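Student: have a look; sequence and predicted model below, questions after that.
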Amino acid sequence: MICLGLEGTAEKTGVGIITDEGEILFNKSVIYTPPKQGINPRKAADHHAETFPKLIEEAFEVVDKKDIDLIAFSQGPGLGPSLRVTATAARALALSLNKPIIGVNHCISHIEIGKLTTKCEDPLTLYVSGGNTQVIAYVSNKYRVFGETLDIAVGNCLDQLARHLSLPHPGGPYIEELAKKGKKLLELPYTVKGMDVAFSGLLTACKNAYDSGESKEDVCFSLQEYAFAMLTEITERALSHTNKGEVLLVGGVAVNKRLQEMIKEMAKEQGADFYIPPREVCGDNGVMIAWLGILEYKAGKRMNLEDTKIMPYYRTDMVDVVWIKNIKGKKRELPKELIGKGAEANIRKEKYLDYYDVVIKERIKKSYRHKDLDERLRKGRTNREAKLLALVKDLDVKTPYVFDVDLENKKMVIEYIKGKVLKDIIEKDIELAYKLGKVIGTLHKNNIVHNDLTTSNVIVKDNQLYIIDFGLAKITDIDEDKAIDLIVFKKALQSTHYYRFEEIWDKFLKGYKEEIKNIDEILKLMEDVEKRKRYVM
């Protein structure tokens, strides 16, 4: 089978042809270069309308159109005008050639072409581009989103800073070159919330730093160090949560060498293999669309023309992944002397004063982060966690006791709670979700947000819930911070406890509502924040 794919979600027009054996026969993309103010969706769509016929004609000079068996196109997510032109071109081509047509998810196309070209099998994927930033893993017939941006995509962040610095579009390559000459690490916002990130505060701070006299080189250097460290950290958190043994980096921003270095080093430290596709299939391209089209078509998916409507907000986790069968996958390899290895710390069990069962939690140095940033984060989080573990006990929230804190070595000695991780038992005892809702409601009522709420960070002992890992927690009276705390937890449930998500979430909210009287306002803020995560240029 030979498939021709059309890619046109944003400013790139791409046509690709591939066989069902994975042989790439043609792949070419042409980028629309916008003026200084950024991408104009209408003009990007005009560029597609002008460019698709030329690229298709060029493709048919390489592969006879009579040999094409299937037409695939990017159905979403993306910019509406761009998607409409792409879908129209695909429909016209399918009708003229009398061939079947299939619309595919752009984000999953990046993952599948990455798997094809690197031969990895079951990776945790960091997908970074101009319009999307997601940490994704295949779990039970879907690609689940474990983490993502809460505002703008990392590629958008790079492009907006580039425009502010009067650099050409796309801005990523120019920022990368300037960053190589930067030496001074500026103090900027570092925003990680569980497995999610936010870039708008970082972007604003970088613009202000440049306007205040900092050099382009140092601003670009600092932006990369912060943004990419944040991305690497949330990938590491998801890796710890899923225990996958492979890490795949895809998308247009994946070509950045500094980001590649960081993800590769993190994967090595976590006992996982690292993969990066060839440069020509990292950015948006037609062959990735064609390859996913083949996978879905051969697995039985069919579309009529009326099914080919565009889907600008086509979420990665909306797709039923019917083409993956009997996948085993590799698991990460952990040091035997540890009882746990999270994204931040090594955990080992010991005796304290030859009597108490304790765990030593050591926030180890992260070689992928700039040493100054790493020192600040590890020290600050260790200090914050120790204080909050003690503080929340006054609220009758159960946490491990802190026996000792060594800020110099970023090490804590805390009580060993011999119980079960909530992740392993919540689906068997849904009432635990109600209890957790009351606990988190108590924290929020007292202006404490955890910022890393997952069922992996709760231990159940004697039917009591112990909340752990307060390293990202903070004290705040801002309702949006509390809403984001719930979003982090909600997404963790959706990606991990998908079969019973609705029941668990409903029970959780019932418990939460008993403590939080303005729950409707919090839920409305959740909805507003979740809308920001959609495709944004």
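Tutor: Yep, it's here. These numbers come from a predicted model, not from an experiment.

Student: please count neighbours and contacts with C-alpha atoms only from this point.
Tutor: OK.

Student: and residue 387, what is it in contact with?
Tutor: Neighbouring residues of residue 387 by Cα atoms under 8 Å, 6 or more residues apart in numbering: there are none.

Student: assumed it was part of a helix.
Tutor: Yes - the assignment for residue 387 is a helix, going by DSSP: H, G, I helix; E, B strand; the rest coil.

Student: that one and residue 300: what is the separation?
Tutor: Using Cα to Cα, to the nearest Å, residue 387 is found at 56 Å from residue 300.

Student: check contacts around the nearest residue to residue 244 once chain neighbours are set aside.
Tutor: Leaving out its chain neighbours, the residue that sits closest to residue 244 by Cα to Cα, 6 or more residues apart in numbering is residue 331, at 4.8 Å. By Cα under 8 Å, 6+ apart, the residues touching residue 331 are 243, 244, 245, 246, 272.

Student: give me phi/psi at residue 331?
Tutor: Dihedral angles of residue 331 (phi, psi; degrees, to the nearest 10) stand at phi -100, psi 150.

Student: what sits opposite residue 361 in the beta ladder?
Tutor: residue 347, residue 412 (DSSP bridges).

Student: make 598 the starting number, not 1.
Tutor: Sounds good: first residue 598 from here, last item residue 958.

Student: which pLDDT value goes with it?
Tutor: According to the prediction, residue 958 has pLDDT 96.

Student: where in the chain is pLDDT low?
Tutor: Low-confidence segments of the chain, defined by pLDDT under 70: 632-635, 1129-1134.

Student: the residue nearest to residue 841 and residue 1074, how far apart?
Tutor: In terms of Cα to Cα, residue 928 sits 40 Å off from residue 1074.

Student: isn't residue 835 right next to residue 829, touching?
Tutor: No - Residue 835 is beyond contact range of residue 829, at 9.9 Å (criterion: Cα atoms under 8 Å).

Student: please determine how far the residue nearest to residue 841 is located from residue 836.
Tutor: In terms of Cα to Cα, residue 928 sits 10 Å off from residue 836.

Student: chain center to stretch 1025-1036: distance?
Tutor: 27 Å (Cα atoms, centre = their mean, to the nearest Å).

Student: who's in contact with that stretch?
Tutor: 994, 1023, 1062, 1100-1102, 1104-1112.

Student: switch to 6 Å and redo it
Tutor: Contact partners of stretch 1025-1036, identified using Cα atoms under 6 Å, 6 or more residues apart in numbering, comprise 1101, 1104, 1105, 1106, 1108, 1109.

Student: tell me which of these fall in helices.
Tutor: Secondary structure from DSSP state H places 1101, 1104, 1105, 1106, 1108, 1109 of the contacts of stretch 1025-1036 in helices.

Student: what about the third one, how many residues nearby?
Tutor: Pointing back at residue 1105 there. 24 (other Cα atoms under 10 Å).

Student: likewise the second one?
Tutor: Taking other Cα under 10 Å as the neighbour definition, residue 1104 ends up with a count of 20.

Student: gap between it and residue 611?
Tutor: Distance from residue 1104 to residue 611, counting by Cα to Cα: 46 Å.
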